[in-house]
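Asks: Provided below for reference: sequence and predicted model.
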Amino acid sequence: MGLSVHGASQVGLLAILRNNINAIEKFHLKASNIVWHTASVSRENRQQQNGHRSAIVWITGLSGAGKSTLAHALESRLHAIGCRTYVLDGDNVRHGLCGDLGFSAADRTENIRRIGEVAKLMMEAGVIVLTAFISPFRADRDRVRAMVAEGEFIEVHCQCGVDVCESRDVKGLYQRARAGEIKDFTGISSPYEAPLTPELVVDTASQPLDDGVEQVLAYLRACGLLPTDVGAGSCHT
């Protein structure tokens, strides 16, 4: 069985969060003598040109839960109906932007902070941003949600147990983590804090991929995010 937040040291987690918050505050202080330059082409201009609204679809779950698979399948469907999209994938981002980070709790927090800022910029550019990250800590995901307006951060939990994720693990990462060869592995030696009230829960353990994609598309349509010619309605969270 994997660790949950309740199985970890509460004092230790609080200390980690406190240190991370202090680090972020120092980061902002270093960049205090700057002013945001307002673009001549607004987000609204871009959305009007694209024919759809922009947002962040934040896909979270354990390693092997199907986050990247869902994100890329969803992007293909969105692209087919004319949406401007981009997938920010956990492994890809660590090849460049976050290549200097490891997998400690502090590094994971910084990883998500950077991704959140990039996703926000891309959303301002009129893009529907799909992110596929374990993003194990609720506080980190909530911090990204707080960066944008209500309704612009759509949290999708790929719900899949550790046993199923491990059975899909062709790289043997779970086995190596259980053997102590990989430290800070989410679900084994580091906690995963599942979303308490996500916009969507996709059962990636048993649900066919196409059904999961349709579930997310239906939500985006209901929120009025997609082009008007593919339907819109009222958004229910």
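Replies: Ah, there it is.

Asks: ok, the residue located most distally from the centre of the chain - contacts?
Replies: Going by Cα atoms, centre = their mean, the residue of the chain most distant from its centre is residue 33, 30.5 Å out. Applying Cβ atoms under 8 Å, 6 or more residues apart in numbering, we find residue 33 in contact with no residue. Where you see a C-beta, it was placed from the backbone N, CA and C, and this is true even at glycine.

Asks: pretty sure it belongs to a strand, no?
Replies: No. Counting by DSSP: H, G, I helix; E, B strand; the rest coil, residue 33 is not part of a strand but coil.

Asks: Need the phi and psi values for the spatially most central residue of the chain.
Replies: In the chain, the residue lying closest to the centroid (Cα atoms, centre = their mean) is residue 58, at 3.4 Å. Here is the backbone geometry of residue 58 (degrees, to the nearest 10): phi -100, psi 110.

Asks: That one touches residue 135, doesn't it?
Replies: Yes. At 7.2 Å, residue 58 counts as touching residue 135 under the criterion of Cβ atoms under 8 Å.

Asks: In which helix or strand does residue 107 reside?
Replies: Under the criterion of DSSP states H and E, residue 107 resides in helix 105-124.

Asks: pLDDT weak spots in the chain?
Replies: 1-29, 31, 228-237 (pLDDT under 70).

Asks: can you give me the strands for the chain?
Replies: 55-60, 85-89, 128-132, 153-159, 200-203 (DSSP state E).

Asks: quick revisit: check contacts around the residue nearest to the centre of the chain.
Replies: Residue 58 makes contact with 119, 131, 133, 135, 141, 144-145, 153-156, according to Cβ under 8 Å, 6+ apart.

Asks: Does residue 85 touch residue 77 like I think?
Replies: No. The pair residue 85 / residue 77 is not scored as a contact, 9.5 Å apart, by Cβ under 8 Å.

Asks: So for those two, which residue has more residues nearby?
Replies: residue 85 (19 against 15; other Cβ atoms under 10 Å).

Asks: so what's that one up against?
Replies: So residue 85 contacts 75, 78-79, 127-130 (Cβ under 8 Å, 6+ apart).

Asks: can you tell me how far residue 66 sits from residue 173?
Replies: From residue 66 over to residue 173 the distance is 15 Å, taken as Cβ to Cβ, to the nearest Å.

Asks: actually residue 108, sorry about that
Replies: Residue 108 is 16 Å from residue 173, by Cβ to Cβ.

Asks: More neighbours: these two, which one.
Replies: Set residue 108 next to residue 173 and count neighbours by other Cβ under 10 Å: residue 108 wins out with 24 against 17.

Asks: Would you state the helices of the protein in chain order?
Replies: Secondary structure of the chain (DSSP state H): helices at 10-30, 43-50, 67-80, 90-93, 105-124, 138-147, 162-167, 173-178, 209-222.

Asks: looking at those helices, which is closest to residue 193?
Replies: Comparison of those against residue 193 by Cβ to Cβ identifies helix 138-147 as nearest, at 4.5 Å.

Asks: That closest one - contacts with which helices or strands?
Replies: In this structure, helix 138-147 makes packing contacts with strand 55-60, helix 105-124, strand 153-159, judged by 3 or more Cβ pairs under 8 Å, 6 or more residues apart in numbering; DSSP states H and E.

Asks: Tally up the residues packed near residue 174, please.
Replies: 23.

Asks: Looks like it contacts residue 165 (just checking).
Replies: Yes. At 7.1 Å, residue 174 and residue 165 qualify as touching, with contact defined as Cβ under 8 Å.

Asks: any common contacting residues for the two?
Replies: 63-64, 187.
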